[in-house]
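S.K.: sequence first, predicted coordinates after that:
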Amino acid sequence: MSLVQAGEPVLLISEEGKRYLIFVQDGGEWHTNRGRLPYDDLIGKAYGRVVASHMGQKFLVLRPTTSDLTRNLKRTTQIVYPKDAARLVMELDLWDGRRMIEAGTGSGGLTLSFTRAVMPNGRVYSYEARDEHQKVARHNLDRLGLLPYIDLKIRDIGEGFDEREVDAVFLDVRNAADYIPQVEQALIESGMFGALLPTTNQVSALLRALENGDFVEIRVEEILIRPWKPVPARLRPSDRMIAHTGFLVFARKLDAQYRSFWMDKRQRRRAVEFGNARKQSDRDKTF
Ligand SMILES: C[S@@+](CC[C@H](N)C(=O)[O-])C[C@H]1O[C@@H](n2cnc3c(N)ncnc32)[C@H](O)[C@@H]1O
């Protein structure tokens, strides 16, 4: 059975479906317009129960997911949505023991997902230009007990990264295209690069920079999630969905001497495709 521990985040859901993320501490209590709830009514008790405030308002007690925690962070910046964060963890190939760089830290939303993926043996080096954002991120990540696995650094990444041979670099900065030389210096051969950008002109600039750098397997993606109303008798999509968050760009670093292999192969494939198209049009002429 899983029991609520002091210091842990706990998700409370009211009967109307309102969600509250609280951090329980020995001896304290949670104050809301729905009444007071002493933390001792929660600590040491099982998750998955219903508790009542002193006004008799009931709440379901749940263990929050990484997605719940991300949505409830204190924020001073736009944070990356869980749907994009999940894809990034997969495509940047993050797992226990990986060392990775991200910039900027922002409110630490993505740092949370990255750190949970690479801990306890890996490390996240997170760069942020602005003090006030890093302060909020530090607060968010400290409350979740993640700071031992993260180096929070204050720096404009134009000045470069301290680390070398990291497994992955991720950029969530407006002008990601400007920092590709710094990314190349820090990444291990065959390491993964990723970026999130809200507009297509930023993506085009980044693609040009990657094509001019030591990168192959360049991809652009957009993640769309269409929620459905889970009603068996009237199953249909919800009226609303999040239409746009950002474009995800991925690439893999490859040393310049081997890039020619990649380019040759690509050109070869194009030639083959062109050849096939010719054959088809010759056939069309015949019939
Ligand atoms: C959109 S926010 C990042 C949000 C973060 N990924 C999250 O999920 O919470 C972008 C951050 O990048 C920082 N930033 C922008 N340019 C930077 C640079 N050149 N070096 C370091 N940080 C930078 C900004 O100050 C801002 O905090």
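M.R.: Perfect, I can see it now. Numbering: from 1, shown residues only.
S.K.: following the helix or strand harbouring Leu196 in sequence, what is the next regular element?
M.R.: Element membership of Leu196 [criterion: DSSP states H and E] is strand 187-197. Counting by DSSP H and E, the next helix or strand C-terminal to strand 187-197 is helix 200-212.
S.K.: mind listing the helices for the chain?
M.R.: Ranges of helices within the chain are 66-71, 82-91, 109-118, 131-143, 180-186, 200-212, 256-286, based on DSSP state H.
S.K.: among the ones you listed, which comes closest to the ligand?
M.R.: Nearest of the helices of the chain to the ligand, taken as Cβ to the nearest ligand atom: helix 109-118 at 3.1 Å. Placement of C-beta: from N, CA and C, glycine included.
S.K.: the closest one near the ligand anywhere?
M.R.: Yes: residues of helix 109-118 contacting the ligand under Cβ under 6 Å from any ligand atom: 109-110.
S.K.: so which bits of the stretch 151-287 of the chain are right by the ligand?
M.R.: Counting by Cβ under 6 Å from any ligand atom, the stretch 151-287 of the chain sits next to the ligand at 156-158, 172-173.
S.K.: if you set the cut-off to 8 Å instead, what comes out?
M.R.: By Cβ under 8 Å from any ligand atom, the residues of the stretch 151-287 of the chain that approach the ligand are 155-158, 172-175, 178-179, 196.
S.K.: just put the helices of the chain in TSV and tack on mean neighbour count.
M.R.: As requested, these are exported to TSV (neighbours: other Cβ atoms under 10 Å):
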stretch	mean neighbour count
helix 66-71	17
helix 82-91	18
helix 109-118	24
helix 131-143	18
helix 180-186	20
helix 200-212	16
helix 256-286	10
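S.K.: export those to a markdown table and append columns for mean pLDDT.
M.R.: What follows is the helices of the chain, written out as a markdown table (pLDDT from 0 to 100):
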| stretch | mean pLDDT |
| --- | --- |
| helix 66-71 | 96 |
| helix 82-91 | 97 |
| helix 109-118 | 98 |
| helix 131-143 | 97 |
| helix 180-186 | 98 |
| helix 200-212 | 96 |
| helix 256-286 | 64 |
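S.K.: check contacts around the nearest residue to Glu29 once chain neighbours are set aside.
M.R.: Excluding the flanking residues, the one nearest Glu29 by Cβ to Cβ, 6 or more residues apart in numbering is Pro38, at 4.4 Å. For Pro38, the contacting residues are 28-30, by Cβ atoms under 8 Å, 6 or more residues apart in numbering.
S.K.: check Glu222 too.
M.R.: Contacts of Glu222 (Cβ under 8 Å, 6+ apart): 244, 246-248.
S.K.: between the residues you listed, which has the most around it?
M.R.: Neighbour count (other Cβ atoms under 10 Å) singles out Leu248 as the most crowded of these, with 21 neighbours.
S.K.: tell me the bridge partners for that one.
M.R.: According to DSSP bridges, the partner residues bridging Leu248 are Leu196, Glu221.
S.K.: could you measure from it over to the ligand?
M.R.: 12 Å (Cβ to the nearest ligand atom, to the nearest Å).
S.K.: surely that residue meets Phe193?
M.R.: No: Leu248 is beyond contact range of Phe193, at 11.3 Å (criterion: Cβ atoms under 8 Å).
S.K.: spell out which parts of the stretch 1-150 of the chain neighbour the ligand.
M.R.: Counting by Cβ under 8 Å from any ligand atom, the stretch 1-150 of the chain sits next to the ligand at 70, 73, 75-80, 85, 102-111, 127-130, 133, 137.
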